[in-house]
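Undergrad: Below: sequence and its predicted model.
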Amino acid sequence: MSSFLARRVEFLSVLRNRDYRVYYVGMLSSVTGHQALIAVQGWLVYDLTGLPAALGFVAGAQAVPAIFLTLVAGALADRVDPRRLIVIGQGSAAVLTAGLATLTLTGHVGVPSILVFAFLTGAALSFDQPARRTIWPALVPRHQFMFAASLNQTIWNGTRVVAPAIGTGIIAIVGLLTGDPRLGAAIAFYAVSVGLIGMVVAVLMINMPPLRRSTGATVLHDIRDGLVFVAHNRIFLVLLLLGFTIGFFGLSYAQLMPAFAKDDLGLGPSGLGVLLSVNGAGGIVGILLIASFGQYQSRAWVMGGGAVLFGVTVMLLGLSGALGSYALAVVFIAAGGALYSVFQISANTVLNLIVPEEFRGRVMGLRGIMWSLSPLGALMGGLVATWVSTPFAIALGGAVIVVVTLGTFAMSGQIRRIRSIVAELDAARVSEGAF
């Protein structure tokens with residue numbers, strides 16, 4: 001194999017680590033279920049109401065507990081074995097999803113019950129997210145962080161190719177065979193529950209290395225110390241702001257897809273599944289590009305360029321809906337998936353490279369709060385879609401991303417010199433014998 005080709009597939013070397021492989025398989029099972037859940041739940045809510053705003057309310061219900069609990073979960077992830085938190089979070093979410101499946105199967109499901117389910121699931125998964133972000137950096141060496149971050153992202157984007165299509169496909173097939181598509185939704189929810197349990201099994205098989213733990217007297221002390229640490233290290237505030245902007249104003253289009261597909265493009269459940277799957281396929285292309293070439297480029301400019309171009313693509317996706325063009329929507333939703341991956345992987349790599357191990361759970365908890373606010377962006381987007389139109393709501397979010405990203409890079413010198421900051425930290429770790 002030529003040196004060029006060897007470099008392009010070098011990111012796969014991280015899979016030689018047994019514990020990371022087990023973690024990866026568990027994540028694949030869990031996220032497949034999660035992606036199918038979003039699609040099936042969205043279809044069910046819109047089938048019950050026919051209102052774009054209802055999609056936003058359900059997404060918001062899941063976000064609210066995460067906003068208040070994720071920082072506590074991050075502090076816990078810095079104090080206790082993070083595997084315990086994953087078992088609790090994923091196990092509880094699996095039980096709740098099975099309960100929603102039973103309500104759907106028996107014909108007792110309604111928007112109030114879905115809102116309660118979304119709220120409780122959001123609370124359960126609040127304890128899962130910071131723990132997962134604490135585990136994987138402990139399983140791979142620092143020089144492979146971008147490789148692992150890329151492979152982690154392949155799960156989220158790869159499952160978007162197949163999971164929504166599987167979930168909505170079950171609805172369509174069962175509906176065709178029985179005349180009752182909600183029976184298909186119930187079956188899909190049961191399958192999601194099984195997928196979540198897969199992550200529980202995986203983390204119980206992982207051998208965790210010793211981790212630096214927080215030294216606060218209580219969880220509240222740890223939370224305070226984490227907030228003080230971030231406040232005194234402004235680069236984290238900048239990175240968290242960018243993540244919030246992408247999540248709040250950009251990812252709301254995913255929650256609005258059922259209305260976008262049905263009302264603006266005239267598509268049914270299978271067409272919705274195709275759009276979401278194409279988005280995931282584009283994400284995989286972006287992952288392969290940054291995994292193959294990103295290690296050798298400026299992370300700051302890859303991250304900023306990915307964010308700006310993602311915003312532009314989201315604007316064009318909204319325009320395609322206004323024009324009623326399915327072909328353009330496919331092109332722009334695929335491009336959006338690719339550019340989102342470029343931003344997400346580069347930002348995740350940078351954060352993990354610069355955060356001290358004993359603060360990782362709390363910083364990732366704050367990052368989790370930023371991302372937990374993204375469903376509230378869907379709530380806002382759903383209201384704008386109801387008042388104006390769904391394409392306008394999507395395009396508006398993309399425009400905000402472009403403006404905030406350009407402003408952030410113009411005003412922050414630290415984010416423009418990320419490479420030198422990482423090099424200084426690596427040199428300090430070498431002198432301390434940390435490698």
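TA: Yep, it's here.

Undergrad: pLDDT weak spots in the stretch 201-350 of the chain?
TA: In the predicted model of the stretch 201-350 of the chain, residues 212-217, 292-299 satisfy pLDDT under 70.

Undergrad: how about the helices of it, start to end?
TA: 219-232, 234-245, 252-259, 269-293, 299-323, 326-354 (DSSP state H, counting those that start in this stretch).

Undergrad: same for the first one, what does it pack against?
TA: Where contact means 3 or more Cβ pairs under 8 Å, 6 or more residues apart in numbering; DSSP states H and E, helix 219-232 is packed against helix 52-77, helix 234-245, helix 360-372. Quick note: C-beta positions are derived from backbone N, CA and C, even for glycine.

Undergrad: Need the winner for burial among those.
TA: Ranked by mean neighbour count, the helices and strands packed on helix 219-232 are led by helix 360-372 with a mean of 26 (mean count of other Cβ atoms under 10 Å).

Undergrad: Contacts for that one next, please.
TA: Contacts with helix 360-372, where a contact means Cβ atoms under 8 Å, 6 or more residues apart in numbering, come from 63, 66-67, 70-78, 82, 122, 126, 129-131, 133-134, 137, 214, 222-223, 225-226, 229-230, 236, 240, 243-244, 247, 351-352, 355.

Undergrad: for residue 57, what are its contacts?
TA: Contacts of residue 57 (Cβ under 8 Å, 6+ apart): 115, 379, 382.

Undergrad: List phi and psi for residue 210.
TA: phi -60, psi 140 (degrees, to the nearest 10).

Undergrad: Could you measure from the nearest residue to residue 122 once chain neighbours are set aside over to residue 116?
TA: Sequence neighbours aside, residue 62 is the residue nearest to residue 122 in space, at 3.7 Å (criterion: Cβ to Cβ, 6 or more residues apart in numbering). Between residue 62 and residue 116 the computed distance is 11 Å (Cβ to Cβ, to the nearest Å).

Undergrad: again, but for residue 256
TA: Residue 256 is 22 Å from residue 116, by Cβ to Cβ.

Undergrad: for stretch 238-257, how far is the first residue from the last?
TA: 30 Å (Cα to Cα, to the nearest Å).

Undergrad: before we move on, what about stretch 175-183?
TA: With Cα to Cα, one end of stretch 175-183 sits 7 Å from the other.

Undergrad: Now do it: distance to the chain's middle.
TA: Its chain's C-alpha centre and that of stretch 175-183 lie 31 Å apart, by Cα atoms, centre = their mean, to the nearest Å.

Undergrad: Stretch 54-65 now?
TA: 15 Å.

Undergrad: same deal with stretch 395-408?
TA: Stretch 395-408 has its C-alpha centroid displaced from the chain centroid by 19 Å (Cα atoms, centre = their mean).

Undergrad: neighbouring contacts of it?
TA: When contacts are defined by Cβ under 8 Å, 6+ apart, stretch 395-408 is touched by residues 238, 241-242, 245-246, 248-250, 252-253, 304, 307-308, 310-319, 322, 377, 381, 384, 415.

Undergrad: do stretch 188-200 as well
TA: Contacts for stretch 188-200 (Cβ under 8 Å, 6+ apart): 25-30, 32-34, 36-37, 40, 86-87, 90-91, 93-95, 97-98, 100-101, 104, 166-167, 170-171.

Undergrad: What's the mean pLDDT across it?
TA: Averaging pLDDT along stretch 188-200 gives 91.

Undergrad: Setting the sequence-adjacent residues aside, check what's closest to residue 346.
TA: residue 303 (4.0 Å).

Undergrad: what's the neighbour count on the one you found?
TA: A total of 27 residues lie near residue 303 under the criterion other Cβ atoms under 10 Å.

Undergrad: From residue 143, how far off is it?
TA: Applying Cβ to Cβ, the value for residue 303 to residue 143 is 19 Å.

Undergrad: now do residue 58
TA: Taken as Cβ to Cβ, the span from residue 58 to residue 143 is 42 Å.
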